[in-house]
Structure formats: C-alpha cells, structure tokens
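K.L.:
no FASTA, just this:
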C-alpha cells in the first residue's frame, strides 16, 4: 500500500498548496514542492527536489524560465531534506567529484 503524502495539489488550479515559501515569476515553492504557476501539470513533489538531474531536465524545456526555475530550486533544496535515496546519490556524486 502506498503511503499518502501530507500535501496534495488542490482541485482549484488557481490555488497553491499551503504553505507558500517563495513565489517567483513562473515557479513557487510550496508545501507540495515546486509548483509551476503557468502549467499546472508541471509540478515537482518535494521528494524529488534533490534529484541531481532535475535542473538539467527542466532547463532543457523551451517554455521554462530557467533563471526563475534555478531560484525556486535553490529555495526548495534549502527547505526540503533529501530523501534517503537522493542523499545517497548526492554523497556518491560529491565523492566522485573530489580530486
């Protein structure tokens, strides 16, 4: 059985999940994670904000305001702890980057 998360996206696409930690031009950091203000399907759950490939993946999309996404991503990484899976990936990546 899947564990239910505390936050879910609201039915009204105009409402952001509370609490709202930061709002930019195109992205917001909320209790859900990162929510796109323009494309309601383009949201990133807080469990995935530490994915090492997230920035590269979303930056490649033409419609994404990369500067705003990077700012939202930086805020989200400070607010949300990495899941054990991503914590291991981050540690491995840091170890491989050391000379």
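P.N.:
Nice, I can see it. Here the structure is a predicted model, which means the values were calculated and not measured.

K.L.:
if I read this right, residue 55 contacts residue 67, doesn't it?
P.N.:
No - taking contacts as Cβ atoms under 8 Å, residue 55 lies outside contact range of residue 67: 11.8 Å. Quick note: C-beta positions are derived from backbone N, CA and C, even for glycine.

K.L.:
Tell me the pLDDT of residue 18.
P.N.:
On pLDDT, residue 18 comes in at 88.

K.L.:
Excluding chain neighbours, give the residue nearest to it in space.
P.N.:
For residue 18, ignoring the flanking residues on the chain, the nearest one in space by Cβ to Cβ, 6 or more residues apart in numbering is residue 31 at 5.8 Å.

K.L.:
For residue 77, see how far away the one you found is.
P.N.:
Per Cβ to Cβ, to the nearest Å, residue 31 is found 16 Å from residue 77.

K.L.:
Among these two, which residue is more densely surrounded?
P.N.:
Neighbours per residue (other Cβ atoms under 10 Å) separate residue 31 from residue 77, with residue 31 holding more: 18 against 14.

K.L.:
Pretty sure residue 45 sits against residue 31.
P.N.:
No - the pair residue 45 / residue 31 is not scored as a contact, 10.7 Å apart, by Cβ under 8 Å.

K.L.:
show me where this protein has strands.
P.N.:
20-23, 27-30, 33-36, 43-45 (DSSP state E).
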